[in-house]
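Chemist: only geometry, no sequence info:
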């Protein structure tokens, strides 16, 4: 085989692997992908094995069907990858950025306000970008004001829902939170199906249960939700959420904010992004009692027209990411502006495992309400916890922080069980750590058993389609000897702003690159 043909075969094999991964992430069989392409299953099988020459047209069709950054052509800003030179310690200080989940909730909440909304230090991440594309497509004027990422939003009197950017909407699950605000503006409207991370079947039925008492009915049609809203609905008894979910609670709050009367919401999530939304709604003139508890009493305003400024608080999940980076690299760093109220269980568990750190006195976030501290980490010899690690609704261990304990447990001595009971397949992605030398055994779709300590070694991995497991793999690569490559990191960019560059400022060696 000539050098040219060997190179071509290598590219075909790599392209085939990427298509295979993208198809699996979309939950399609080879036969289903073939049907979408008007091709045969055998042809798809040959493509994935690197045994089929591909035209640019066919690659474009595959990329369109899979809606994936893994396969793109004719796009100079196509999939980006990270090359990580691991095995080095980190040092220095880093500030935690504002909360991604609070930011997207506040973007949806701006639809309630006829005045001008200014949000301070908004995370410029892909999830925010997708929501802004949707908002701008329906007529909202969004203006970045400065280098501090302050964002001004002006909502027109009449939205152009017919022009909604459906592609952007399908790439974010947060679009479901348009239901609460829009039901006060329109009695009949449609929203594209919600997308986001591939974390299994996350039903929207809890949202429907929460919004039904307000007179909203939603019917699933081909590719969209068709919503109809009744007028002058009286809520006669408390709304009991069947799931103490963050976005479900936020949707109920957004609906209650402009409901004429008092709404009591029971089994509400008191998590960080819900509290930020409550604090913002207070600025809009909405009355809310019980913030931080599971029962919220909301006194709505039929009309909201206020010029407001609000600074969402810092992100506890990013704080956990940075602390985990320090732990797995045996580094001493200072993580500043940690929202301690939402990190206390995680830190207590880490202390039980042998983690040593200092924390500063508490001080207020820019919203004047959230309590912050600075955490200084120290290189620590960790051991497995006595009991399994599992998430719980706030004030328990945060569901999004659980995956970071996989890479932490892999550095600890002994066996650790992680029980991710919320998502039916997120735990599966944690087994990708095995490619870097970890011993992660999948017990069932919800539980993994991790044996440590690990002698990490570099390798190449395609980024899993779930945000937190993807970052966990990146952190393991920081600890791994040699050079690793993490491919197609769009999912990380959905939830983190300039993560690689910020880790580099602490001494990491991460290079962003694209395929030619």
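Modeler: Arrived safely, thanks for sending. Please read all numbers here as calculations on a predicted model, not as lab measurements. Residues are numbered from 1 along each chain as shown.

Chemist: what ranges do the strands span in the stretch 51-200 of the chain?
Modeler: Counting by DSSP state E, counting those that start in this stretch, the stretch 51-200 of the chain has strands at residues 80-85, 91-95, 116-119, 141-144, 151-154, 188-192.

Chemist: Those: which one's closest to residue 165?
Modeler: Residue 165 lies closest to strand 188-192 among the strands of the stretch 51-200 of the chain, at 9.0 Å (Cβ to Cβ). C-beta coordinates here come from the backbone N, C-alpha and C atoms, glycine included.

Chemist: what's the following helix or strand after that closest one?
Modeler: helix 205-211 (DSSP states H and E).

Chemist: pretty sure residue 179 contacts residue 191?
Modeler: Yes. When contacts are counted by Cβ atoms under 8 Å, residue 179 is listed as touching residue 191 (6.9 Å).

Chemist: Need the residues touching each of these two.
Modeler: 225, 227 (Cβ atoms under 8 Å, 6 or more residues apart in numbering).

Chemist: Between those two, tell me which one has more neighbours.
Modeler: More crowded of residue 179 and residue 191, by other Cβ atoms under 10 Å: residue 179, with 25 against 22.

Chemist: residues of stretch 23-40 that come out buried?
Modeler: 23, 25, 26, 28, 30, 33, 34, 36, 37, 39 (16 or more other Cβ atoms under 10 Å).

Chemist: let me fix that: stretch 219-234
Modeler: 224, 225, 227, 229, 233.

Chemist: Can you say which of the strands of the stretch 51-200 of the chain is nearest to residue 426?
Modeler: Between residue 426 and the strands of the stretch 51-200 of the chain, the shortest gap by Cβ to Cβ is with strand 80-85, which sits at 21.0 Å.

Chemist: now for that closest one, which elements pack on it?
Modeler: Counting by 3 or more Cβ pairs under 8 Å, 6 or more residues apart in numbering; DSSP states H and E, the packing neighbours recorded for strand 80-85 are helix 467-479, strand 483-487, strand 509-514.

Chemist: partner strands of it, parallel or antiparallel?
Modeler: Sheet pairing of strand 80-85 (DSSP bridges) gives strand 483-487 (antiparallel), strand 509-514 (antiparallel).

Chemist: Compare these and give me the one nearest residue 335.
Modeler: strand 509-514 (17.9 Å).

Chemist: Just the buried positions in that closest one, please.
Modeler: Buried residues in strand 509-514 (16+ other Cβ under 10 Å): residue 510.

Chemist: Now do the same for that strand: mean pLDDT, whole number.
Modeler: Averaged over strand 509-514, pLDDT sits at 90.

Chemist: Please apply the same query to stretch 125-134.
Modeler: On average, stretch 125-134 scores 89.

Chemist: So in the protein, where's the weakest helix or strand by average pLDDT?
Modeler: Ranked by mean pLDDT, DSSP states H and E, the helix or strand of the chain with the weakest confidence is helix 3-26, at a mean of 68.

Chemist: show me what contacts residue 483?
Modeler: Residue 483 neighbours (Cβ under 8 Å, 6+ apart): 83, 84, 85, 86, 458.

Chemist: Pairing partners for it in the sheet, please.
Modeler: residue 85.

Chemist: right, and residue 128 touches residue 101 too?
Modeler: No. With contacts counted by Cβ under 8 Å, residue 128 stays clear of residue 101, the gap being 10.7 Å.

Chemist: quick one: low-confidence parts of the stretch 201-350 of the chain?
Modeler: 201-203 (pLDDT under 70).

Chemist: All the strands of it, in order from the start?
Modeler: Going by DSSP E, counting those that start in this stretch, the stretch 201-350 of the chain shows strands at 216-221, 224-229, 239-240, 262-266, 287-289, 295-299, 308-310, 332-339.

Chemist: among those, which is the most enclosed?
Modeler: Burial of these is given as mean neighbour count (mean count of other Cβ atoms under 10 Å); strand 332-339 ranks first at a mean of 22.

Chemist: Against which helices or strands is that strand packed?
Modeler: Checking 3+ Cβ pairs under 8 Å, 6+ apart, strand 332-339 ends up next to strand 91-95, helix 316-328, strand 371-378.

Chemist: Residue 495: which of these is closest?
Modeler: Using Cβ to Cβ, the nearest of these to residue 495 is helix 316-328, at 7.9 Å.

Chemist: could you give the angle of the closest one to strand 91-95?
Modeler: Computed by axes from the mean of the first three to the mean of the last three Cα atoms, to 10 degrees, the angle separating helix 316-328 from strand 91-95 equals 170 degrees.

Chemist: rewinding a little: please identify which of the helices and strands packed on strand 332-339 is closest to residue 112.
Modeler: Checking those against residue 112 by Cβ to Cβ gives helix 316-328 as the closest, at 25.5 Å.

Chemist: Please list all residues in contact with residue 269.
Modeler: 244, 245, 246, 248, 249, 294, 393, 394.

Chemist: which two in these are spaced the farthest apart?
Modeler: 248 and 394 (13.7 Å).

Chemist: OK, contacts around the residue lying closest to residue 293 once chain neighbours are set aside?
Modeler: Setting aside the residues directly before and after it, residue 293 is nearest to residue 270 in space (Cβ to Cβ, 6 or more residues apart in numbering), at 5.7 Å. Applying Cβ under 8 Å, 6+ apart to residue 270 gives the contacts 291, 292, 293, 294, 394, 395.

Chemist: out of those, who has the most neighbours?
Modeler: Counting by other Cβ under 10 Å, top hit in the contacts of residue 270: residue 394 with 23 neighbours.

Chemist: quick one: that residue and residue 272 touch, right?
Modeler: Yes. Look at residue 394 against residue 272 with Cβ under 8 Å: they come within range, at 7.4 Å.

Chemist: In space, what's closest to residue 394 - neighbours in sequence excluded?
Modeler: Residue 394's closest residue in space is residue 271 (Cβ to Cβ, 6+ apart), at 4.3 Å.

Chemist: rewinding a little: any idea how far the residue nearest to residue 293 is from residue 152?
Modeler: As judged by Cβ to Cβ, to the nearest Å, residue 270 and residue 152 stand 30 Å apart.

Chemist: Repeat that for residue 420.
Modeler: Taking Cβ to Cβ, one finds residue 420 at 39 Å from residue 152.

Chemist: For stretch 419-438, buried residues please.
Modeler: So stretch 419-438, judged by 16+ other Cβ under 10 Å, has buried residues 419-420, 422-423, 426-433, 435-438.

Chemist: which pair in the residues you listed spans the largest distance?
Modeler: 422 and 437 (27.6 Å).

Chemist: so how many other residues sit close to the residue nearest to residue 411 when sequence neighbours are not counted?
Modeler: Among residues not flanking residue 411 along the chain, residue 328 sits closest, at 5.3 Å (Cβ to Cβ, 6+ apart). Residue 328 has 25 neighbours, counted by other Cβ under 10 Å.

Chemist: which residues sit in contact with residue 328?
Modeler: 407, 408, 410, 411, 475, 476, 478, 479.

Chemist: Kindly recompute the last result at 6 Å.
Modeler: Listed by Cβ atoms under 6 Å, 6 or more residues apart in numbering, the contact set of residue 328 reads 407, 411, 475, 479.

Chemist: which of these has the most neighbours?
Modeler: Of those, with other Cβ under 10 Å as the count, residue 407 tops at 31 neighbours.

Chemist: isn't there a helix covering that one?
Modeler: Yes. The assignment for residue 407 is a helix, going by DSSP: H, G, I helix; E, B strand; the rest coil.
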